[in-house]
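In: okay, here's the prediction I keep looking at, along with the sequence it came from:
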Number of protein chains: 2
Amino acid sequence: MNVEIISVGTELLLGDIVNTNAQYISKELAAIGINVYRQMTLGDNIDRLVRSFEIAFERADIVLTTGGLGPTGDDITKEAAAKYFGQEMVVDQESWNIIEDMCARYSGSRDRIPKNNIKQAMFPKEADIIPNKNGTAPGAVFKKDGKRIIVMPGPPREMKAMFKNSVLPLLIDENPDIFLSRYIRFFGIGESGLEMELLDILNKQTNPTVALYAKEGEVMVRVTARAREEKECLSLIERKIDEIKAISGKYIYMIGDDSVSESQSEMEKLVGDLLIEKKKTIAVAESCTGGLIASYLVDNSGISNSFIEGCVTYTNDAKVRRLDVKPETLEEFGAVSSQTAEEMAMGIAKTAGTDIGLSTTGIAGPGGGSQEKPVGLVYIGLYYKGQVTSIRRVFTGDRRKIRERAARTALNEVRCLLTDD
Amino acid sequence: MNVEIISVGTELLLGDIVNTNAQYISKELAAIGINVYRQMTLGDNIDRLVRSFEIAFERADIVLTTGGLGPTGDDITKEAAAKYFGQEMVVDQESWNIIEDMCARYSGSRDRIPKNNIKQAMFPKEADIIPNKNGTAPGAVFKKDGKRIIVMPGPPREMKAMFKNSVLPLLIDENPDIFLSRYIRFFGIGESGLEMELLDILNKQTNPTVALYAKEGEVMVRVTARAREEKECLSLIERKIDEIKAISGKYIYMIGDDSVSESQSEMEKLVGDLLIEKKKTIAVAESCTGGLIASYLVDNSGISNSFIEGCVTYTNDAKVRRLDVKPETLEEFGAVSSQTAEEMAMGIAKTAGTDIGLSTTGIAGPGGGSQEKPVGLVYIGLYYKGQVTSIRRVFTGDRRKIRERAARTALNEVRCLLTDD
């Protein structure tokens, strides 16, 4: 079954509001395995909407619309659908009674119901009317020759309730399969690098489907299986995840059934959970990341027994005073060096008395780079159980990106440490 | 001039992300008087995209696309545009050199550049290439027979910078009227509150237009004037800004001609600039904000002479050890109290030897609140010239929002201090 979505509303075309309806419907449909091949957004213009129905039905079996069901002359979705199917609109008495009741309750009197509200009770007699418990505009299924246009109101609250209670059950009835997804999060490999590794799997995917998503500084893979039974879905997914693990397992840091924090890394949450679970304490000394690591860690509620303190030692003086970094080290190797990073990590762990000391020092740019120490160069120091180590990385991007990537890479070092521990 | 927008990306059709690009572009175009009659969203399918170009050019002069410029086989926007215009794609050596440099810097070696990256350097020779300073995918203007397809990358940060710096100027050049905008940033008032205050102005707007944007914890108003001459635009804008100032002037913290950081506050930049300009030094002691204030300040390049250090003293022990907060104060008034905030601010200024000491202590939630000290309660301490003061605020939102709002409110205190100084 192919579905297209048409969102109607001049306020969308002016960019006054963002189109969350199309996203919501698309996501709900994807979850039950219905393909959406196109979303369109149109203004309140009947001819352009009729033309867009023609375009949509080049491929779609069903067109879902949101918006344009209001009482004013601007609202033309039903009129366009009726015109497209060549059907006549008449007053549906039952709908009108409900609307009258609602308006009367709201305004306190039947005499004050705006006359244009009757527009909201008009439908072709061929249509199935869908009641709206949250507003005055009913929805409807317009139909002719195997094509259907399902019109829903624009306000997200009304639309979602109608979609969930009336439209989705109708579509599920026609689609017996179950769909399940799992999300694999990768760190330390870019989108194109991961694609190269998984090329075979990506090219041969059918069921489960495998999709790659680039996140800020990391990559997510979605594995979605379709079957009659949940158990079968899960076993299909498990086998596919095993295949992916066998190839790129070393970059995987998390597998879950949730993609909640879409645009956001799960790294800080994972490291916070690990620290709490393993009862380890940490202190952080930051130069170029300037408080970002501390701030990521403090995003976790309940972290207060594990995250003991952070120092943003942006100046050399502060590095010496707060962290006991040796002035000779700064002089000989510079503030941006593995030696300084290691002394910072050890210094913060010792003065805070924590199990783990984590440090960053680098050049976030845009100025300050040289041939030998370019913008993006960051040293990350890690102290644990009397041992101190450091890694060297060169990150790309602007100042903000370099700092974010350095902070997440530092947290990833802690993750590796605690996972192996 | 009619423009249609096509957003390309299967993740949009699956509802995994919401299409903020289409909204952003629509809003920017509306501000310069360009009509958008339709937005379309498509997956990564070349034939469907070519068909959608045909449909769009039924009415449009220009089609703007976002997304599908990545290095993988899925990314097909340029290929579809070339196919629609019947043009051949060849490697643009200059673009390839830039991409190679970027990748080499990231991976540390030219040998490890994924081969599929060359796809991002391929364009028809008839196209004008638009450089991308924020990522590896350049944009381009494809053209033939008076029709143009302008392709831009999908990640909002890359797209916005390219749109603002390269695409918008191109469109404005072809529009004989001049459009100028000024952005007024408000702090300490919500969107609906400001809307109520400015209702008259908002209802009567024609030229200049006045648009409200809710930001994270603050509100921005855009005033856009249209005229033949720049001088006339400026005078129209100035008069409108005076009207707005007369009503809501006390909440304004910045008026500028730039909205670059769309989703982002300008507070940290403004405070950074003020510190540098007034040659003041600052140190920060953070409890509930956990490094956010330091991280905001360090976002400013060139801050190293002003921002001396930060301490994330999340535990009572760290407050005592690092900041000389008196144990009796913590015992008598608690960590979340004006007394503790003030001792923290004084302590950090004294140990770091700075002009200004800034501190936060509060309850970010979700747990830990009480009747007397609810979740969202934050004390902000400020030390300057031997004087220490504090303010008390209760912020709403989740843990992250409370922390961000507290951090920006703390910076706003520094702004007020330095502005009055």
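Out: Received it, and whenever you're ready, just let me know what you need. Residues are numbered from 1 along each chain as shown, chains lettered A, B, ... in the order given.

In: from B:L64, how far out is the residue lying farthest from the centre of chain A?
Out: Each residue of chain A has a distance to the centre, and by Cα atoms, centre = their mean the biggest one is for A:D111: 47.9 Å. According to Cβ to Cβ, to the nearest Å, A:D111 stands 50 Å off from B:L64. For every residue, glycine as well, the C-beta is placed using N, CA and C.

In: confirm A:F123 sits in a helix?
Out: No. Applying DSSP: H, G, I helix; E, B strand; the rest coil, one finds A:F123 to be strand, outside a helix.

In: that one and A:T72, how far apart?
Out: For A:F123, the distance to A:T72 equals 18 Å [Cβ to Cβ].

In: please apply the same query to A:L358.
Out: Applying Cβ to Cβ to A:L358 and A:T72 gives a distance of 60 Å.

In: tell me which of the two has more neighbours.
Out: Remark: of A:L358 and A:T72, A:L358 carries more neighbours, 32 against 12, as counted by other Cβ atoms under 10 Å in any protein chain shown.

In: does the closest residue to the more buried one other than its chain neighbours sit in a helix, a strand or a coil?
Out: Among residues not flanking A:L358 along the chain, A:V284 sits closest, at 4.9 Å (Cβ to Cβ, 6 or more residues apart in numbering or on different chains). Secondary structure, three-state DSSP: A:V284 is strand.

In: who does A:V284 bridge with?
Out: As for beta bridges, A:V284 partners with A:G310, A:L358 under DSSP bridges.

In: what's the local residue count around it?
Out: 35.

In: so what's it up against?
Out: Counting by Cβ atoms under 8 Å, 6 or more residues apart in numbering or on different chains, A:V284 touches A:I293, A:A294, A:L297, A:F307, A:E309, A:G310, A:C311, A:I348, A:G357, A:L358, A:S359, B:V312.

In: check which helix or strand the residue lying closest to the fifth one once chain neighbours are set aside maps to.
Out: So that's A:E309. Leaving aside its sequence neighbours, A:E309 sits nearest to B:A318 (Cβ to Cβ, 6+ apart; 4.0 Å). Using DSSP states H and E, B:A318 maps to helix B:316-323.

In: ok, longest helix in chain A?
Out: helix A:399-420 (DSSP state H).

In: measure A:I6 to chain B for me?
Out: 10 Å (Cβ to the nearest Cβ, to the nearest Å).

In: and whatever helix or strand that residue lives in, which residues are buried?
Out: Assigned by DSSP H and E, A:I6 belongs to strand A:2-8. Buried residues in strand A:2-8, defined by neighbour count with 16 or more other Cβ atoms under 10 Å in any protein chain shown: A:V3, A:E4, A:I5, A:I6, A:S7, A:V8.

In: cool, stretch A:315-328 as well?
Out: Applying 16+ other Cβ under 10 Å to stretch A:315-328 flags A:T315, A:N316, A:A318, A:K319, A:V320, A:R321, A:R322, A:L323, A:V325 as buried.

In: out of the residues you listed, who's nearest chain B?
Out: A:A318 (4.0 Å; Cβ to the nearest Cβ).

In: how much space between that closest one and B:K350?
Out: From A:A318 to B:K350 the distance is 14 Å (Cβ to Cβ).

In: could you pull up the contacting residues of the residue in the stretch 101-250 of chain A that chain B sits nearest to?
Out: Residue of the stretch 101-250 of chain A nearest chain B, by Cβ to the nearest Cβ: A:S192 (4.3 Å). Listed by Cβ under 8 Å, 6+ apart, the contact partners of A:S192 are B:G70, B:P71, B:T72, B:P114, B:N116, B:N117.

In: please apply the same query to A:E174.
Out: Listed by Cβ under 8 Å, 6+ apart, the contact set of A:E174 reads A:M1.

In: go on, A:A80?
Out: A:I46, A:L49, A:V50, A:F53, A:G68.

In: quick check on it: phi, psi?
Out: phi -70, psi -40 (degrees, to the nearest 10).

In: how close does the residue nearest to it when sequence neighbours are not counted get to A:T41?
Out: Excluding the flanking residues, the one nearest A:A80 by Cβ to Cβ, 6+ apart is A:L49, at 3.8 Å. From A:L49 across to A:T41, the span is 11 Å (Cβ to Cβ).

In: which one's more surrounded, these two?
Out: Legend: neighbour count by other Cβ under 10 Å for A:L49 and A:T41, higher for A:T41 (30 against 23).

In: can you name the residues bridging to the nearest residue to the more buried one once chain neighbours are set aside?
Out: Closest residue to A:T41 apart from its sequence neighbours, by Cβ to Cβ, 6+ apart: B:Q39 at 4.0 Å. Beta bridges link B:Q39 to A:T41, B:I5, judged by DSSP bridges.

In: residue contacts, A:S390?
Out: Shown in contact with A:S390 (Cβ under 8 Å, 6+ apart): A:S338, A:A341, A:E342, A:A345, A:Y379, A:I380, A:G381, A:L382.

In: next, the angle helix A:399-420 makes with the helix or strand hosting it.
Out: Here A:S390 sits within strand A:387-394, counting by DSSP H and E. Strand A:387-394 and helix A:399-420 meet at an angle of 140 degrees, taking axes from the mean of the first three to the mean of the last three Cα atoms, to 10 degrees as the criterion.

In: list the buried residues of strand A:387-394.
Out: A:V388, A:S390, A:R393, A:V394.

In: please name the nearest non-neighbouring residue to A:G154.
Out: A:G67 (3.2 Å).

In: give me the neighbour count for the one you found.
Out: 26.

In: who's in contact with it?
Out: Neighbours of A:G67 in contact, by Cβ under 8 Å, 6+ apart: A:S7, A:V8, A:G9, A:L12, A:N21, A:T77, A:P153, A:G154.

In: what's the answer for A:T315, then?
Out: A:T315 touches B:S304, B:I308, B:E309, counting by Cβ under 8 Å, 6+ apart.

In: surely the last one and B:A283 touch.
Out: What that stands for is B:E309. Yes. Counting by Cβ atoms under 8 Å, B:A283 is a contact partner of B:E309 at 5.1 Å.

In: between the two, tell me which one has more neighbours.
Out: A side-by-side neighbour count of B:E309 and B:A283, using other Cβ under 10 Å, places B:A283 first with 29 against 25.
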